[in-house]
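Engineer: predicted model follows, preceded by the sequence.
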Amino acid sequence: MAALAVISLFSFSLWLGYGAHAREGYCSIQRNGFIALNQALNTWPAQFWSNLTLLGDAGVLIPLLSLIIIWRPQAWAATIAAAPIASLLSVSLKHIAAVPRPAAFIGQDHFTVIGHALRASNSFPSGHSLTIFTGVIAVLVVLLPQSPNWRYWLLLIAAALVAVTVALSRVAVGAHWPLDVVGGALCGLIAGLAGAALTRRYQKWWRLSPGSTARCIVGALIMLLCLSLIDRALEDPAEGFVLWLSALCGMTASIWLMKACLERLRYGTRGQHVAQ
């Protein structure tokens, strides 16, 4: 099923990429619907959308989800395993399809643009939609119990609402066509399922034992991501809420990961002094 979905996505992208009329038709049939949806979504404050759309940024989502590593490391590892697959799908499909962004096709004066107006020919699929669906699907599949209870269904509904809203934010900010969002969500579904499958099949790489060097390295990398988020938040206070939240979650996970390493180093050094 996943293979059929991938073949379909690449076939559709090839059809778009090798036919100017196909790309023009793709944009034209969505023009009015895009403008109407963009205007409807922008009844909500611009700051709401500018913050929410950041959840589709891998540099923001990975530290945010890293807090899960404290309880279910496999769930977070699934998103990491899915990341290369998601990136490959995003880069290759964008390059093949070469669909112009809304601002490049109809001009930004006809709809609301939040942030910078994007004009490149890399609209399909939506990378932010792909990222948020990858993370949500990977985590939910790993957390799926044998007998789902009401808590899991509640989590599923909440996660689905977040993922769909983040995906719609790409239309709200004027960055993507509606079908770009659908394509990104489908790619995220494929990548998320693949990431969950990889962590189930190959378990040794993500089982970080307390005090291990790998655990320290992962913690340090998360901390570096958090520092970059803090720098971004200081530069643009309007987008500060999500950035600060992600940094807080990431730093908590990072400290938890590196704590055992630092304790091992401290006690190991003491043991050497006693032996001497």
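Structural biologist: Structure received.
Engineer: quick check: A172 touching V113?
Structural biologist: No: taking Cβ atoms under 8 Å as the contact criterion, A172 and V113 are not neighbours in contact, 10.0 Å apart. The way it works is simple: take the backbone N, C-alpha and C, and place the C-beta from them, glycine included.
Engineer: neighbour-wise, which of these two wins?
Structural biologist: Summary of the neighbour comparison: A172 and V113, criterion other Cβ atoms under 10 Å, with A172 having more neighbours (26 against 17).
Engineer: and the gap between the more buried one and A40?
Structural biologist: Separation of A172 from A40 (Cβ to Cβ, to the nearest Å) stands at 9 Å.
Engineer: go on, A197?
Structural biologist: Taken as Cβ to Cβ, the span from A197 to A40 is 38 Å.
Engineer: more neighbours: which of those two?
Structural biologist: Neighbours per residue, other Cβ under 10 Å: of A197 and A40, the larger number sits with A197, 16 against 12.
Engineer: okay, the helix or strand that contains the more buried one in CSV with CA atoms only?
Structural biologist: Secondary structure from DSSP states H and E places A197 in helix 178-201. The C-alpha atoms that make up helix 178-201 are tabulated as CSV, following Å, rounded to 0.1, in the frame of the first residue of the first chain:
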residue,chain,number,x,y,z
PRO,A,178,-4.5,23.4,-0.7
LEU,A,179,-3.4,20.3,-2.7
ASP,A,180,0.2,20.9,-1.6
VAL,A,181,-1.0,20.4,2.0
VAL,A,182,-2.8,17.2,1.0
GLY,A,183,0.3,15.9,-0.7
GLY,A,184,2.5,16.8,2.2
ALA,A,185,0.2,15.0,4.6
LEU,A,186,0.3,11.9,2.5
CYS,A,187,4.1,12.0,2.4
GLY,A,188,4.2,12.4,6.1
LEU,A,189,1.9,9.4,6.6
ILE,A,190,4.3,7.3,4.5
ALA,A,191,7.4,8.6,6.3
GLY,A,192,5.9,8.3,9.8
LEU,A,193,4.8,4.7,9.2
ALA,A,194,8.3,3.9,7.8
GLY,A,195,10.0,5.4,10.8
ALA,A,196,7.9,3.5,13.3
ALA,A,197,8.5,0.2,11.4
LEU,A,198,12.3,0.9,11.4
THR,A,199,12.4,1.4,15.2
ARG,A,200,10.5,-1.9,15.7
ARG,A,201,12.8,-3.9,13.4
